[in-house]
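Asks: Fold the following.
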Amino acid sequence: MDKIKRVFLIVLDSCGIGEAPDSADFGDKGCSTIRTISKSEKFNIKNLPLLGYTQIDGLSFLGEGTLKSKVCRLQEISKGKDTTIGHWEIAGVISESPLPTFPEGFPEDLITEFEKRTSRKVICNKPYSGTEVIKDYGKEHLETGALIVYTSADSVFQIAAHEDKIPVEELYNYCKIAREMLQGEWGIGRVIARPFEGEYPFKRTANRHDFSLEPPKETLLDELKSKGFDVIAVGKINDIFAGRGITEYTYTKNNTDGMTKTAEYQNKDFNGLCFVNLVDFDMVYGHRNDIDGYAAAFSEFDNRLGAFIENMKPDDALIITADHGCDPGFKGTDHTREYVPFILYGESIAPENMGTIKGFDYISQQVKNLLIRVGKVYPNQP
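Replies: Numbering: from 1, shown residues only. Reported below is the predicted structural model:
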């Protein structure tokens, strides 16, 4: 394999490809995000099959396709099925214990201390759908100025506020206070700002911001940055890793914007990793049980993929994967414990079907194999 200068690592957030062997331990027996959305009339893919997506274990029901990449399915090792743990494992950090969740709401002493530090009351404090919570508590929030705090099956502390009542930067400051508090036994994965706008039933804005727990160990990103490589984050990657190991970042409004900005980086000169998260699959469709919307978004990505591949340079590599599942046709609205795909494509990369591999950290190993060579002079060293 010839020298690789740039790796584009695209995470299709929640695009799992079938129940993992331990799915029953997570209440997810029988789940399959890809099988569910493939039944929709909106599902139409042509570029992923050409790379070898349909050759991956368990995906033969999608058709034959061809094999132009290294492909396999990956099984998660970490004890969880959320965004933070999934991305940490992709970057080489295995989480032996799940991040804490609060299915009954957050402890009273925690909320009391949060109210004291923010000088604002808290309403809700229970697991809730993000769109339903602003319908049910939005008017009270506007009348009182109280913060809408809620959670989900994931390890998250979410704060919703109307942008006319509480400016976005002020909401972010409240999230920073929560992040400082939520350590140790309360060390949840993410504090999430959820601003909304308009009249009842209200609408969430694109100004979401995640404040993540720092990874407990050095990640792939840390290692690449320390060796002088560029580490570019597109979408919420910068938030997931709490800004660590990243040399440049840009946020995105949606999947379309994410692919547009990723394509723009194809036209820029850098040496290292461009790490991308496309969140709409999970946030907009999976958690909303919107099968047709999910299928249409997946098909749109597949369509955009064709132009992306055409614009790849000889020393580029493309990796496509996911971080967990979120089967929109499964019971509830939570993430699902699933295998994820691994596709590694490049002009100098020999096609191979590697079957099933245990550990999302295989991705971290492959990125290092591509960029870091024994005896190589690192790109930005004098």
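
Asks: which residues touch stretch 24-36?
Replies: 14-20, 23, 59, 61-62, 81, 286, 291, 294, 325-330, 336-338 (CB atoms under 8 Å, 6 or more residues apart in numbering). The way it works is simple: take the backbone N, C-alpha and C, and place the C-beta from them, glycine included.

Asks: hang on, Arg194 in a helix?
Replies: No. Under DSSP: H, G, I helix; E, B strand; the rest coil, Arg194 sits outside any helix and is assigned strand.

Asks: and the residue nearest to it when sequence neighbours are not counted, what is it in contact with?
Replies: What sits nearest to Arg194 in space, not counting adjacent residues and going by CB to CB, 6 or more residues apart in numbering, is Ala160, at 4.2 Å. Ala160 makes contact with 130, 133-134, 137-138, 141, 147-150, 194-196, 204, according to CB under 8 Å, 6+ apart.

Asks: can I assume Ala160 sits in a strand?
Replies: Yes. The assignment for Ala160 is a strand, going by three-state DSSP.

Asks: Neighbour count for the contacts of Ala160 - can I get that in JSON lines?
Replies: Output for the contacts of Ala160, formatted as JSON lines (neighbours: other CB atoms under 10 Å):
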{"residue": "Gly130", "neighbour count": "21"}
{"residue": "Val133", "neighbour count": "23"}
{"residue": "Ile134", "neighbour count": "28"}
{"residue": "Tyr137", "neighbour count": "20"}
{"residue": "Gly138", "neighbour count": "21"}
{"residue": "His141", "neighbour count": "23"}
{"residue": "Leu147", "neighbour count": "25"}
{"residue": "Ile148", "neighbour count": "24"}
{"residue": "Val149", "neighbour count": "27"}
{"residue": "Tyr150", "neighbour count": "28"}
{"residue": "Arg194", "neighbour count": "23"}
{"residue": "Pro195", "neighbour count": "23"}
{"residue": "Phe196", "neighbour count": "24"}
{"residue": "Arg204", "neighbour count": "17"}
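
Asks: Name the nearest of those residues relative to Pro167.
Replies: Pro195 (9.0 Å; CB to CB).

Asks: Touching, the closest one and Arg208? I think so.
Replies: Yes. Using CB atoms under 8 Å, Pro195 is in contact with Arg208, at 7.2 Å.

Asks: Filter the contacts of stretch 24-36 down to the ones in helices?
Replies: Among the contacts of stretch 24-36, the members falling in helices (DSSP state H) are 291, 294.

Asks: hmm, which of the contacts of stretch 24-36 are the buried ones?
Replies: 14-20, 23, 59, 62, 81, 286, 291, 294, 325-328, 330, 336-338 (16 or more other CB atoms under 10 Å).

Asks: shaky segments in the stretch 1-150 of the chain?
Replies: Where the stretch 1-150 of the chain drops to pLDDT under 70, the residues are 1-2.

Asks: Look at the residue nearest to Arg194 and report its pLDDT.
Replies: With respect to pLDDT, Ala160 scores 98.

Asks: Okay, and the beta partners of it?
Replies: Ile148, Arg194 (DSSP bridges).

Asks: And the helices in the protein, which stretches?
Replies: For the chain, applying DSSP H gives helices covering 33-38, 47-51, 83-90, 108-118, 130-144, 168-181, 220-226, 237-240, 255-266, 280, 291-310, 362-371.

Asks: what's next to the fifth one, contact-wise?
Replies: By CB under 8 Å, 6+ apart, the residues outside helix 130-144 that reach it are 121, 123-124, 128, 146-148, 150, 158, 160-162, 164-165, 194, 196, 200-202, 204, 287-288.

Asks: can we see that at 7 Å?
Replies: Residues from elsewhere that reach helix 130-144, judged by CB atoms under 7 Å, 6 or more residues apart in numbering: 121, 123-124, 146, 148, 150, 158, 160-162, 165, 194, 196, 200-202, 204.
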